[in-house]
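**Q** Show me how the following folds:
(one chain, ligands or ions: 1)
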Amino acid sequence: MIKFYTLKTSGNAQKVRMALCFLGLEHEEIVLVGEAQKQPAFLALNPLGLVPVIVDGDFVLRDSLAILVYLASAYNSWQWDGTTAQEKGRIAQWLAFASGEIKAGPTRLRASRLFNIAIDQVAAQSATMRVLGVLQDRLADRHWLECDRLTIADIACSPYLALAHQGGVDLAAYPAIVQWTQRLAGLPNFPAMEGWPTR
Ligand SMILES: N[C@@H](CCC(=O)N[C@@H](CS)C(=O)NCC(=O)O)C(=O)O
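**A** Numbering: from 1, shown residues only. Predicted coordinates for the structure are as follows:
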């Protein structure tokens, strides 16, 4: 059984939770509390002291996007990570977008509001506007970011958009983004997360 280390409020952990649940993989979720992340037992799994981490047999892997790539490759027969070099490249663009622009924008705004973390508000607002514009345009005439099907691009990019309201971001002017996050929430076995609106 896969062990999955999380924090309750983590959007990065939600990416992994979605993949595990959509794939129907048996797993044990271990929710870390207090200082557990900084203790030797967890640092042995991830020296960065961050969730998510999975342990699959004797294979240990950190980082939400690395874990999505691994799960898609190891367990997914619907080719969530692309079937051709072009598809794989296009999907990877969105993984980079998740760890670059989305992290710099909506993720930071949420962290600042929820956890009182000091950030450069102007830079985060401006990154958020860029993210919203790109995603609204991309999703205006399609259901999924790439390949006309669910891929790890959608799983990687959606949590911090669904949770963006927790950072004070109003998605009213971005209906395609709202519908996309609701579409994901409507998929079989979607794992509910506090703050992810379903309608
Ligand atoms: N690049 C990593 C980032 C992981 C990360 O920032 N994890 C946060 C939760 S979303 C965390 O563990 N924060 C606790 C801390 O900073 O002590 C990923 O995508 O998994």
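**Q** for the helix ranked longest in the chain, packing partners?
**A** Under DSSP state H, the helix in the chain containing the largest number of residues is helix 121-139. Here helix 121-139 touches helix 108-115, helix 175-185, going by 3 or more C-beta pairs under 8 Å, 6 or more residues apart in numbering; DSSP states H and E. Using the backbone N, CA and C atoms, a C-beta is placed for each residue, glycine as well.
**Q** mind running it again at 10 Å?
**A** On a contact count with 3 or more C-beta pairs under 10 Å, 6 or more residues apart in numbering; DSSP states H and E, helix 121-139 meets helix 85-97, helix 108-115, helix 152-157, helix 159-162, helix 175-185.
**Q** Of all the ones you listed, which one comes closest to residue 14?
**A** Nearest to residue 14, of all these, is helix 159-162, at 4.4 Å by C-beta to C-beta.
**Q** Up against the ligand, what does this structure have?
**A** 7, 10, 11, 12, 37, 49, 50, 51, 52, 63, 64, 65 (C-beta under 6 Å from any ligand atom).
**Q** Which of these fall in strands?
**A** Among those, DSSP state E puts none in strands.
**Q** ok, back up a step: adding mean neighbour count, write the helices and strands packed on helix 121-139 out as CSV.
**A** Below are the helices and strands packed on helix 121-139 laid out as CSV (neighbours: other C-beta atoms under 10 Å):
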stretch, mean neighbour count
helix 85-97, 16
helix 108-115, 18
helix 152-157, 26
helix 159-162, 27
helix 175-185, 18
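**Q** and the ones you listed as CSV, adding mean pLDDT?
**A** Below are these laid out as CSV (pLDDT from 0 to 100):
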stretch, mean pLDDT
helix 85-97, 97
helix 108-115, 97
helix 152-157, 98
helix 159-162, 98
helix 175-185, 97
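**Q** quick one: contacts of stretch 29-46?
**A** Residues outside stretch 29-46 that contact it (C-beta atoms under 10 Å, 6 or more residues apart in numbering) are 2-8, 10, 13, 16-17, 20, 48-55, 60-63, 191.
**Q** Run through the chain and note the low-pLDDT ranges.
**A** Within the chain, the stretches with pLDDT under 70 are 199.
**Q** Swap in 50 and give it another go.
**A** Judged against pLDDT under 50, the chain has no low-scoring part.
**Q** State the distance from the residue in the chain sticking out farthest from the centre to residue 60.
**A** Distance from the C-alpha centroid of the chain peaks at residue 40, with 26.3 Å (C-alpha atoms, centre = their mean). Between residue 40 and residue 60 the distance, using C-beta to C-beta, to the nearest Å, works out to 15 Å.
**Q** Ok, residue 95 next?
**A** As defined by C-beta to C-beta, residue 95 lies at a distance of 20 Å from residue 60.
**Q** and what of residue 37?
**A** Counting by C-beta to C-beta - residue 37 and residue 60 are separated by 15 Å.
**Q** Of these two, which one has the most company?
**A** Neighbours per residue, other C-beta atoms under 10 Å: of residue 37 and residue 60, the larger number sits with residue 37, 18 against 14.
**Q** Okay, angle between the longest helix of the chain and helix 85-97 too, please.
**A** Helix 121-139 runs at 150 degrees relative to helix 85-97, counting by axes from the mean of the first three to the mean of the last three C-alpha atoms, to 10 degrees.
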